[in-house]
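Participant: no sequence for this one, just the structure:
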């Protein structure tokens, strides 16, 4: 999906591990350490919030790259392709029971798509990476639908009038030649589940679960429903409902997942969120608008391929913006951000580094900011 893949993947891995399965978890991007992309999540200790995951070791990373470097160069493989191979190889050596794979860009041509899964999940469809995936929701949905395989059930997190038919056609055409269905359209379409059109187990408790979750973004409501629908399709047992609930509530603590309405400190109140497109930041902006404070300071930076003007237009007008540039070749310059902010009449300043921008914000903040 466009957004929510990381949250859904981590919640599913937390549940599988709580049920006693050794679970491989592959996500991207990383925040502090490349090895965050590959984790093995296992059963939990006596404390509800005890983290129980292992990242791939630095030695394993080195050994894999050293062993296969000539092949990577010969095949001109991308960073993500190499990383995916590394993850699958490591999960095999760890003898995991299940693997939760988050796709990279798109899905149809994604390197994770070499795997035939037991379940495919598409969280939602929004406009992002339009230069590579298409300029319309149906075009992007077509790329995401590429992970759908014959005889494999698929859960769509959010239905949409412009994209539902794309998924319906993909499921139908992918399974028409399959003798298992004997040409029965109804049997084929039973593989397709729209999470927001069903009431999965535990959904009647969703308000209480969301209130208790350590993934605190208001947008997690849709991700939660997607996860519960996926578990239902996988055949989760009703007698494990309390175990499932507990695993979802403590997802971030148990899997080490960060950056989703992540409260870094309360004095001063500092929140970090990795939303990076209009589709995702719209929900962050809505939640920000509900926070009661005297002054709001927003430290922001972007990749240059994002529709930055559309994103900034969503953000609160009554805020002071501190624009910065990450140490990345893909990062938009502060000059670019300043020009757009001026056009939108935002109150702003620019800093050369993320660290400097955060320090400037902290220096300006009062007790109720």
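Facilitator: Everything's here; your move. Model, not experiment: these values are computed from the prediction. Numbering: from 1, shown residues only.

Participant: test my guess that residue 357 contacts residue 322.
Facilitator: Yes. Residue 357 is within contact range of residue 322, at 4.6 Å (criterion: Cβ atoms under 8 Å). Backbone N, C-alpha and C define where each C-beta goes, glycine included.

Participant: what's the overlap in contacts for the two?
Facilitator: In terms of Cβ atoms under 8 Å, 6 or more residues apart in numbering, residue 357 and residue 322 are both contacted by the residues 299, 351.

Participant: following the worst-scoring helix or strand of the chain on mean pLDDT, which helix or strand shows up next?
Facilitator: With mean pLDDT, DSSP states H and E as the measure, the helix or strand of the chain carrying the lowest mean pLDDT is helix 130-133 (a mean of 62). Downstream of helix 130-133, the next assigned helix or strand under DSSP states H and E is helix 137-144.

Participant: continuing past that next one, what's the next helix or strand?
Facilitator: Next along from helix 137-144, by DSSP H and E: strand 154-156.

Participant: how about residues contacting the following helix or strand past that following strand?
Facilitator: The helix or strand immediately downstream of strand 154-156 is helix 164-175, counting by DSSP H and E. Residues from elsewhere that reach helix 164-175, judged by Cβ under 8 Å, 6+ apart: 122, 138, 141-142, 145-146, 148-151, 154, 156, 181, 185, 188-189, 191-192, 194.

Participant: list buried residues within these.
Facilitator: Buried subset of the contacts of helix 164-175 (neighbour count, 16 or more other Cβ atoms under 10 Å): 122, 141-142, 145-146, 148-149, 154, 156, 181, 188, 191-192, 194.

Participant: name the helices or strands packed onto the host helix or strand of residue 336?
Facilitator: Using DSSP H and E, residue 336 sits in helix 334-343. Counting contacts by 3 or more Cβ pairs under 8 Å, 6 or more residues apart in numbering; DSSP states H and E, helix 334-343 packs against helix 308-314, strand 320-323, strand 347-350.

Participant: list the buried residues for that helix?
Facilitator: Within helix 334-343, the residues that count as buried by 16+ other Cβ under 10 Å are 334, 337-338, 340-341.

Participant: tell me where the protein has strands.
Facilitator: 23-26, 38-41, 53-55, 98-101, 120-122, 154-156, 192-194, 262-266, 269-272, 297-300, 320-323, 347-350 (DSSP state E).

Participant: low-confidence ranges in the stretch 251-369 of the chain?
Facilitator: For the stretch 251-369 of the chain, not a single residue meets the criterion pLDDT under 70.

Participant: that older thread, could you work out the most separated pair of the buried residues of helix 334-343?
Facilitator: Farthest apart among the buried residues of helix 334-343 by Cβ to Cβ are 334 and 340. That separation is 10.8 Å.

Participant: may I see the buried residues of stretch 11-23?
Facilitator: By neighbour count, and taking 16+ other Cβ under 10 Å as the criterion, the buried residues in stretch 11-23 are 11-19, 21-23.

Participant: burial of residue 285, as a residue count?
Facilitator: Per other Cβ atoms under 10 Å, the neighbour tally for residue 285 reads 19.

Participant: these two touch, right, it and residue 314?
Facilitator: Yes. Taking contacts as Cβ under 8 Å, residue 285 lies within contact range of residue 314: 4.7 Å.

Participant: return every residue with contacts to both of these two.
Facilitator: Overlap of the contact sets of residue 285 and residue 314 (by Cβ under 8 Å, 6+ apart) is empty.

Participant: fine, thanks again, bye for now.
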